[in-house]
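> after the sequence you'll find the predicted model.
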Amino acid sequence: MVKLRSHPCSTSPLAPMVHEESRQDVELIEKVAEDDCISSSAYSRGRNEEDSFSSAEGAKRMRTAIIASVVGNVLEWFDFGVFAFLAPQIGFLFFPKADKIAGLLNTFVVFAGGFVIRPLGGILLAHVGDVYGRKLALLLSVVGMAGSTFAMGCLPTYNDIGAAAPVLLCLLRLVQGLSVGGELVGSMVFAVESMQPGRQVLGGSFCLIGAIGGLTLGSAAGLVLHACFSEEELLRYAWRIPFWMGILIGLFAAWLRNGVEESSDFEELKKGDAQASLPVKEAFLHYPVEILLCVLAVTLWCAGVWLTIAFPPILYQDLLDPPMSVRESMGATHAGGAEASSGEGAVFQRKETSMWVLHTCLCAVQGVAILAGGLVGDYLGSTRTVLIGALASATLAIPCFKAMGAGRYVVSGLGQGVFNLALGFMGGSLPAWMVSIFPVQLRFSCIAVGYNAGQAIFGGTASIVGTMLFKSTGDTLAVGAYASCLALVSFFAVLVTARRERRKETRQDAPGEGGGEGECSQRQDTSCEGEEKVQV
């Protein structure tokens, strides 16, 4: 049995990225690593000479891996985004006996159901990924996601089959949750492992860029639907169109992933005897604290994405009274409130095209911030970048959400956009940070449990919590305070993780405490006694 807590060696000049070290400490650490571990420079030049990342073939392999990882995330988050953006319509069609707010909350409960089942899906697909390969896990997840998304667009409504309609809706959301449980995690692991050293944080950020790209497409779909169809047409058939479109993205992603090569790290793992037969069991036995810290570290990202992308359209047009309008942004009074769709019995008001244009652009802003976080993360290190983003989010959350509740385009858009920048910057380095704290043979399983638990607890409930906080207080200030608290939780979880690793390294470097006994003083993209961790 491989010793799971051994640390990989470090000879890279980027080694001090994760922890603050003096120059003398760094030189000592690198000397110990040179004496006792496989040189990371030899490993980082391409595990094998013929697999060199400097070759055209290696560059093509990296591009293919990134595209294959991103496309599946686009599908996953496109569907999640469409479901959230069409929550008023879905609530009316599947929960017609509830009032407007109750229908919204019922829809968000169904939405949350897909998150609750994600940890189980993550465990199942993580077992496949850690035992049989990342490629197979990614292929299975995208096929399951595409099929359930298409089926959701074919569902009969409450008026057609009664109470069976919301039951079927819930079942399909559970199938989606099982598939999604391994999708984003698998793509993050696959992308980071497939990138050359010095580009691993950026590689991981592309997965979240794909996710935000999917949400942006979902917002764009909402824009097109509300611009091209009347409310009656939207309720009658047009709401189904985005779900049917998902099958096209899914088929393309499945074809692409079927032709991609397995990640280099997993190929190296298969050559040795370090693979665990039950990786999830080993993960809980050897890394329970790290998994818990992972859950806490991702709380801001998991909740923040939905509070800044899924929640705002509902806030602007369904919760604020009167809803957002162009005249309000110009300082004019919206006499008589929002335009009603038709009569007093209308369940919800028609979304204004200008709001969807604003929201779609702000989704794209977050994607740009994620890219910036990935680029900076490769320079400063993923830990520092995540800490900076989390601290900025904690500071900006309350004023930004307060601005979002102003109900005016300029003020609300500025508040949402600024918080998107802080959140995206933090998210850009988050995938590589998660990959860096777990060994390759258990990496998929550990991250699947930690990340999906965070999504189930904080991501799936974000829209519900945001709606209830606003309805109970009548102000978005409470939503901002909630986001700020989550940002602080993430900040301290990452900080505690870094300090724990610093203490381990200090003990290992001390005479008689294991230094020079095959354990390495820094996490780096190299192998030591069959175990491999990534320094990012």
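Perfect, I can see it now. Numbers count the residues shown, from 1 in each chain.

> and the helices in the stretch 51-200 of the chain?
Ranges of helices in the stretch 51-200 of the chain, per DSSP state H, counting those that start in this stretch, are 56-85, 87-94, 100-116, 118-131, 134-153, 158-161, 164-194, 200-228.

> closest one to F311 among those helices?
helix 56-85 (8.1 Å; Cβ to Cβ). All C-beta atoms are positioned from the backbone trio N, CA, C, and that covers glycine.

> OK, contacts around W306?
Going by Cβ atoms under 8 Å, 6 or more residues apart in numbering, W306 touches 84, 459, 462-463, 466.

> what sits closest to it if chain neighbours are left out?
Leaving aside its sequence neighbours, W306 sits nearest to A462 (Cβ to Cβ, 6 or more residues apart in numbering; 3.8 Å).

> for that neighbour, which residues are in contact?
302-307, 310-311.

> could you rerun that using 7 Å?
303, 306-307, 311 (Cβ atoms under 7 Å, 6 or more residues apart in numbering).

> same check, this time on L184
Counting by Cβ under 7 Å, 6+ apart, L184 has contacts 73, 76, 207, 211.

> gap between it and W77?
Computed as Cβ to Cβ, to the nearest Å, the L184 to W77 distance reads 8 Å.

> list the residues that contact both of those two?
Counting by Cβ under 7 Å, 6+ apart, the residues touching both L184 and W77 are A211.

> returning to that earlier point: let's see which of the contacts of A462 end up in helices.
Under the assignment DSSP state H, those contribute 303, 306-307, 311 to helices.

> picking up where we left off before, from G121, how far out is the residue nearest to W306?
For A462 relative to G121 (Cβ to Cβ), the value is 19 Å.

> now E232
Distance from E232 to G121, by Cβ to Cβ: 37 Å.

> these two - which one has more neighbours?
Neighbour count, other Cβ atoms under 10 Å: between E232 and G121, G121 has more, with 25 against 11.

> that one touches E183, doesn't it?
No: under the criterion of Cβ atoms under 7 Å, G121 makes no contact with E183, lying 8.7 Å away.

> now L495. Nearest residue, chain neighbours left out?
Closest residue to L495 apart from its sequence neighbours, by Cβ to Cβ, 6+ apart: L387 at 6.5 Å.

> where does that neighbour fall, helix, sheet strand or coil?
The local conformation at L387, judged by DSSP: H, G, I helix; E, B strand; the rest coil, is helix.

> my guess is it contacts V494. True?
Yes: with contacts counted by Cβ under 7 Å, L387 reaches V494, the gap being 5.7 Å.

> leaving out the residues flanking it, which one is nearest to W356?
Leaving aside its sequence neighbours, W356 sits nearest to L223 (Cβ to Cβ, 6+ apart; 3.6 Å).

> for the helix or strand hosting M434, the averaged confidence score.
M434 belongs to helix 409-436 when assigned by DSSP states H and E. For helix 409-436, mean pLDDT is 93.

> repeat that for stretch 483-490.
97.

> ok so, going back, min pLDDT across the contacts of L184, which one?
Across the contacts of L184, the smallest pLDDT goes to E76, namely 74.
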